Every structure is written in structure tokens, then in C-alpha cells.
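Trainee: A structural model of the following input is requested.
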Amino acid sequence: MSILHRFRQTAISTPAGFSRMYDRNQLSVFRYIYSIIGGPSADAEDLTAETFIRAWKARHTFEGDVDTAIRWLIGIAKRVAIDDHRRKAIRKTSSLHSNLKIETTTEEEILILQQKQELLNLLKELPTDQREILVLRYMLGWKVNQIAVHMGLTENHVSVIIHRTLADLREQWTF
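Mentor: The predicted model follows:
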């Protein structure tokens with residue numbers, strides 16, 4: 001039996017099927033990873049590429065159709081982000097001052113950058129499950145029932161986590 005016959009056909013096992021799946025999901029995977037790692041975007045782009053490389057290698061294990069591939073991809077993306085975090089020592093967030101060009105940045109732009117940085121820092125401090133739920137809900141636009149299935153939780157539990165986490169973030173966010 002040849003190597004090709006050992007692999008079963010799936011909705012994404014062909015280059016055309018995988019390409020359709022990539023086109024539909026690349027931006028969502030990037031947003032998920034970017035939100036989980038907190039940037040920079042170049043790192044998120046690299047991890048997104050790694051996610052799709054792993055997906056290509058595992059395409060014959062996928063069960064479902066092209067429209068449901070996002071859950072599978074998010075699972076891969078989560079593992080890619082965890083692997084990246086383990087490979088690197090805990091990364092120090094770059095100082096806000098090194099990212100700003102004071103001579104060309106207005107006061108309002110500085111304030112917005114500071115707000116974004118503080119929010120990213122607050123998100124990084126959240127437990128992984130809480131951060132993932134917020135990313136899935138607000139960055140990827142998933143419905144509570146989709147998150148519940150993905151996380152193995154009840155819809156009510158997911159809703160409570162979202163409500164409590166947002167309340168805690170509101171209290172901590174000084175802007």
C-alpha cells in the first residue's frame with residue numbers, strides 16, 4: 001500500500017480544500033493568536049504561519065467540513081502559542097517609551113497607546129481560560145454556545161466567566 005492510500009480524504013486534505021479553509025480562517029487565527037500573546041504583530045504572524053503549517057501536516061486527521069475548521073485551527077493555534085511561550089523565557093514587555101517617537105506623536109496618540117498597553121497587560125494577567133474566552137467572544141465574535149462547546153463548559157458558565165472577568169477588568173483599568 002502506498003503512502004497516499006494510508007491517508008483518508010477530508011474536506012481540507014487537498015490543496016484546493018486547504019486553500020479555501022485558509023482563506024476563510026487566516027484572519028481569525030491571527031486575531032486569536034495576537035490577542036493571546038499580546039503582540040507584537042510580527043510574532044503573531046509567525047505563530048499564525050506555524051499554525052497553518054501544523055494544520056497542513058495534520059490535515060488528514062481533520063473531521064468536519066471547511067466551515068467548521070475554525071475550532072480545529074484554534075485548538076492548534078492555542079498549542080502553538082503555548083509551545084512558543086515555553087520555548088522563550090517569560091518575555092518582558094517592551095517599554096512604551098521605546099515604541100513611541102515622541103517628536104512626531106501627539107498627546108492623544110500617546111494616551112491611546114498607553115491605554116492599549118495597559119489593557120494588554122491586564123489581559124496577560126488573566127488566567128488562560130478567562131483570556132481565551134474573552135478573545136473568542138470579542139476578537140473572533142464567537143457566540144457563547146460555540147465557546148461553551150470549544151471549552152467543554154456550559155453556556156451559563158461561559159456567560160458568568162465573561163461577566164465576572166469584564167467586571168474585574170473595569171475595576172482594574174485606570175483609564
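Trainee: helices or strands up against the helix or strand Ala167 falls within?
Mentor: Assessed by DSSP states H and E, Ala167 sits inside helix 155-172. Packing partners of helix 155-172 (3 or more Cβ pairs under 8 Å, 6 or more residues apart in numbering; DSSP states H and E): helix 107-125, helix 128-134, helix 144-151. Glycine gets a C-beta too; all of them are placed from N, C-alpha and C.
Trainee: for that helix, buried residues please.
Mentor: For helix 155-172, burial by neighbour count (16 or more other Cβ atoms under 10 Å) applies to Val158, Ser159, Ile161, Ile162, Thr165, Leu169.
Trainee: and it, how far out from the chain middle?
Mentor: Mean C-alpha position of helix 155-172 versus that of the full chain (Cα atoms, centre = their mean, to the nearest Å) differs by 19 Å.
Trainee: what is the burial count for Ala148?
Mentor: By the criterion of other Cβ atoms under 10 Å, Ala148 has 18 neighbours.
Trainee: so Gln9: helix, strand or coil?
Mentor: Secondary structure state of Gln9, per DSSP: H, G, I helix; E, B strand; the rest coil, is coil.
Trainee: no wait, Ile12
Mentor: Following three-state DSSP, we place Ile12 in the coil state.
Trainee: grab the longest helix from this protein for me.
Mentor: Of all the segments of type helix in the chain, defined by DSSP state H, the longest one is helix 15-37.
Trainee: which residue would you name as the spatial centre of the chain?
Mentor: Tyr32 (1.9 Å; Cα atoms, centre = their mean).
Trainee: from Val80, how far out is it?
Mentor: 10 Å (Cβ to Cβ, to the nearest Å).
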